[in-house]
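# the sequence and its predicted three-dimensional model are supplied below.
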Amino acid sequence: IISKEYFTSLYSLVRERVFILKNIKASFTISSLFLFNLDKVLRSIPAPLAKLVISRAKKVKVRS
């Protein structure tokens, strides 16, 4: 059994060695979760063929 005091000193040492970018990315990949760069994703989406135009409706008078 590890005491709280000993655990915290061990944890800080292990944390520096284990929580590195390579291990974090590998953990996401193993769990089928993928980190992505939103800018890269948006750049890979093709531009629309035509500009989207939304027409405004004319004002309608409602009789009361």
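Sure, I can see it. Numbering: from 1, shown residues only.

# only C-alpha atoms from now on, for both contacts and neighbour counts.
Will do.

# gap between I2 and S9?
As judged by CA to CA, to the nearest Å, I2 and S9 stand 11 Å apart.

# check L42 too.
Distance from L42 to S9, by CA to CA: 44 Å.

# what of L38?
Separation of L38 from S9 (CA to CA): 38 Å.

# distance between the helix or strand bottoming out on mean pLDDT in the chain and the chain's centre?
Ranking every helix and strand in the chain by mean pLDDT, DSSP states H and E puts helix 38-44 at the bottom, with a mean of 83. Relative to its chain's centre, helix 38-44 lies at 12 Å (CA atoms, centre = their mean, to the nearest Å).

# please save the CA atoms from that helix in CSV.
Output of helix 38-44 as CSV, limited to C-alpha atoms (Å, rounded to 0.1, in the frame of the first residue of the first chain):
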residue,chain,number,x,y,z
LEU,A,38,-10.5,22.5,-37.6
ASP,A,39,-8.7,24.7,-40.0
LYS,A,40,-7.5,21.7,-42.0
VAL,A,41,-10.9,20.2,-42.0
LEU,A,42,-12.5,23.4,-43.3
ARG,A,43,-9.9,23.8,-46.0
SER,A,44,-10.6,20.3,-47.3
